[in-house]
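Trainee: coordinates only, no sequence provided:
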């Protein structure tokens, strides 16, 4: 009987069985950032412990960095203190840091893959829930809290229970104007925001096979929004082509040996799964959230549901979400006026995301009442986009073109919503207050849909703005 | 191990960690003082609307048991959320279900999260809403939550339960105990040894 990638990677990294019954799991790559690590390093100091595998630990700075000017010291004293703490911790414990002075700084889930640090068959942990992103490469990657960051720093291991595996097969081909973001929003709508608790999600099927690595990263990134701590895609030729030539990827003959091993850890054709779900990819349309969790979504041509449209246990939550969002049950989600358009984040801040958004805005202007922000996910993405002239396309359209960072996804830096502003956002969470104003509102959608909303000044179907000749 | 005391009923499914601890309070290099900001935005919004948030009820101050509904703690992995709850006084959480990263973080801090059926959670919430002084006890050995006349069976993953009963929820000591085994496991992984040519 065949095995899943999850099971193979788990078994390869199982160090021993702990007295609690859990597995001591070796972590092949530990990524660190400034928000969830300072307390962990302090705990090590208190316990007089060092970092066990400093050469398997890499740090960057992303959450708190300002994106409109990164001169030190930062204007925000606390951000400066956090930055300084990370610099000191990395120096003292021998951890490589891709800081602001590095050309490779960026959002931790963007730079890991870019640098070739993220590879198939690894276990990857980071003090950030969107670590599931790295599963796009066929890694078992998951978010942890600060106490577990301490555990990994001290031992390169975690105490874990294995997960069940749900295979999600997306058949067919996506229509033009429909992206990985729409696929994952549709999956979360179908399975619910807690449907994935206890599961790793394996994404498979023709629509996934055809997806670029950027698309697969978007897909895996939001696994956690469906409750699944881990989401992955089996490595294939697309994965190998992405990895070849990356700074930390094996080179020469070692790459070929690596490729053979990477292929071998993919799920076997006769692997058995704990659950299987099928989604018809060709039927999917651009998605938009209308509520206060990522499961609250509709296709752009659908109406906003009301309490009467859902089962009894959900009614109060739907009523509360609509009241917070200021949306009417039964109204069309298209036509909702937006104040802010944000393109960026670890979900959708990669080069192809910016290219798709630029296709929509090229030669157009964003609506006068819309504040538009494009924030590349890394310095490399920014440089690559500028080489193609995308910064000019965005600036000419009226967007601000910013430095790399997490920006308005999560409001730990100066980029925030104000008051009840409503933001069309390519990020991952539409929670109450998520974008920095306790009353601010977020509509999640693909970067191309954000671009379309910015141009129209309201939520609109991006397929109407894509020129037919450019349809993919 | 049994946690006994007053309880805070916090109604609602899918309460995310951004609500428990808004991101602006994560701009810090320590967890000190987080308890002052637990549910801050919800508490302010409630106060403005004339509805007192359970965490603002003086009768619930520092209550050791927190009662919640489904998928509590979803979203961000920020340990600041369970840290704030623990520093506020919460010693155990009883709910219908928990998000996975939140659960792991709470366990690492020594705060057990036990799951009970929706009807029992409902009954427990109703009881403590009527009587803020009611005592709830969470018995991890017997896997039962008791309050008034209610005896609610509860579950917690076996490993977490045994860690609590043995007092070993801080995993660092366990994980660093046999470090040569870790080194040996690392030496077996092709990507940690540079994908060497197979030895024939």
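Mentor: Happy to help now that I have it. Given the structure is predicted, the values throughout are model-derived calculations rather than measurements.
Trainee: now the strands: where do they sit in the stretch 151-300 of chain A?
Mentor: Taking DSSP state E, counting those that start in this stretch as the criterion, the stretch 151-300 of chain A carries its strands at A:157-160, A:164-171, A:199-204, A:230-233, A:275-280, A:287-289, A:297-299.
Trainee: repeat for chain B
Mentor: Under the criterion DSSP state E, chain B contains strands at B:2-5, B:7-9, B:65-67, B:92-95, B:113-115, B:136-139, B:144-147, B:150-153.
Trainee: how far does the third one sit from the chain's center?
Mentor: If I follow you right, that is strand B:65-67. Its chain's C-alpha centre and that of strand B:65-67 lie 10 Å apart, by C-alpha atoms, centre = their mean, to the nearest Å.
Trainee: what's the answer for the fifth one, then?
Mentor: Once both centres are worked out by C-alpha atoms, centre = their mean, strand B:113-115 turns out to sit 8 Å from its chain's centre.
Trainee: kindly report the same for the last one.
Mentor: Remark: strand B:150-153 is offset 20 Å from the chain centroid, using C-alpha atoms, centre = their mean.
Trainee: in its sheet, what does it sit against?
Mentor: When pairs are called by DSSP bridges, strand B:150-153 turns out to pair with strand B:144-147 (antiparallel).
Trainee: beta partners for residue A:23?
Mentor: residue A:17, residue A:160.
Trainee: neighbours of it, just the number please.
Mentor: Around residue A:23 there are 21 other residues, counting by other C-beta atoms under 10 Å in any protein chain shown. C-beta here means a position set from N, CA and C on the backbone, and glycine is covered the same way.
Trainee: next up, the contacts around residue B:104.
Mentor: Counting by C-beta atoms under 8 Å, 6 or more residues apart in numbering or on different chains, residue B:104 touches A:144, A:145, A:148.
Trainee: top of those by neighbour count?
Mentor: Counting neighbours by other C-beta under 10 Å, the top entry in those is residue A:145, with 31 neighbours.
Trainee: got phi/psi on that one?
Mentor: phi -90, psi -180 (degrees, to the nearest 10).
Trainee: quick one, what contacts it?
Mentor: A:36, A:127, B:77, B:78, B:79, B:82, B:101, B:104, B:105, B:108.
Trainee: how many neighbouring residues does the fourth one have?
Mentor: A count of neighbours around residue B:78, defined by other C-beta under 10 Å, yields 29.
Trainee: what's the closest of the contacts of residue B:104 to residue A:226?
Mentor: residue A:144 (18.4 Å; C-beta to C-beta).
Trainee: just checking, the closest one touches residue B:100?
Mentor: No: between residue A:144 and residue B:100 there is no contact under C-beta atoms under 8 Å: 10.5 Å.
Trainee: three-state assignment of residue A:315?
Mentor: Of the three states, residue A:315 takes helix according to DSSP: H, G, I helix; E, B strand; the rest coil.
Trainee: list the contacts for it?
Mentor: A:307, A:308.
Trainee: for chain B, which helix is longest?
Mentor: helix B:118-130 (DSSP state H).
Trainee: show me what contacts the closest residue to residue A:114 other than its chain neighbours?
Mentor: Spatially, and ignoring its direct neighbours in sequence, residue A:114 is nearest to residue A:380 (5.5 Å; C-beta to C-beta, 6 or more residues apart in numbering or on different chains). By C-beta under 8 Å, 6+ apart, the contact set of residue A:380 is A:103, A:104, A:106, A:111, A:114.
Trainee: mind running it again at 10 Å?
Mentor: By C-beta atoms under 10 Å, 6 or more residues apart in numbering or on different chains, the contact list for residue A:380 reads A:103, A:104, A:105, A:106, A:110, A:111, A:114, A:115, A:350, A:351, A:404.
Trainee: name the element the fifth one belongs to?
Mentor: So the one you mean is residue A:110. Taking DSSP states H and E as the criterion, residue A:110 maps to helix A:108-114.
Trainee: that helix - contacts with which helices or strands?
Mentor: strand A:29-32, strand A:57-60, strand A:97-98, strand A:123-126, helix A:213-221, helix A:237-243, helix A:345-348, helix A:379-387 (3 or more C-beta pairs under 10 Å, 6 or more residues apart in numbering or on different chains; DSSP states H and E).
Trainee: any idea how far that helix is from the chain center?
Mentor: The answer for helix A:108-114 is 10 Å, by C-alpha atoms, centre = their mean.
Trainee: would you point out the helix or strand in chain A whose mean pLDDT is lowest?
Mentor: Within chain A, no helix or strand scores below helix A:312-325, which has a mean of 95 by mean pLDDT, DSSP states H and E.
Trainee: that helix: what's the following helix or strand?
Mentor: Beyond helix A:312-325 toward the C-terminal end (DSSP H and E), the next one is strand A:340-343.
Trainee: and that next one, does that touch chain B?
Mentor: No: Strand A:340-343 stays clear of chain B (C-beta under 10 Å from any C-beta of the partner chain), getting no nearer than 15.0 Å.
Trainee: what's that strand packed up against?
Mentor: helix A:351-361, strand A:371-374, strand A:399-401, strand A:422-425, strand A:441-444, helix A:447-456.
Trainee: tell me the strands beside that strand, with direction?
Mentor: Sheet pairing for strand A:340-343, using DSSP bridges, gives strand A:371-374 (parallel), strand A:422-425 (parallel).
Trainee: show the average pLDDT along the last one.
Mentor: Right, strand A:422-425. Averaged across strand A:422-425, pLDDT comes to 98.
Trainee: for stretch A:388-408, same thing?
Mentor: 98.
Trainee: domain ranges for chain A, per the record?
Mentor: A:5-160, A:164-283, A:287-470 (automatic domain parsing).
Trainee: what touches both of residue A:144 and residue B:100?
Mentor: Common neighbours of residue A:144 and residue B:100 (C-beta under 10 Å, 6+ apart) are A:129, A:229, B:77.
Trainee: who's in contact with the last one?
Mentor: Counting by C-beta under 10 Å, 6+ apart, residue B:77 touches A:36, A:126-131, A:142-146, A:148-149, A:224, A:229, B:17, B:99-102, B:104-105.
Trainee: redo that, cut-off 6 Å
Mentor: The contact partners of residue B:77, by C-beta atoms under 6 Å, 6 or more residues apart in numbering or on different chains, come to A:128, A:129, A:143, A:145, B:101.
Trainee: can you check residue A:421 too?
Mentor: Contacts for residue A:421 were tallied using C-beta under 6 Å, 6+ apart; they are A:339, A:340, A:440.
Trainee: let me see the contact set for residue A:364.
Mentor: A:397, A:455.
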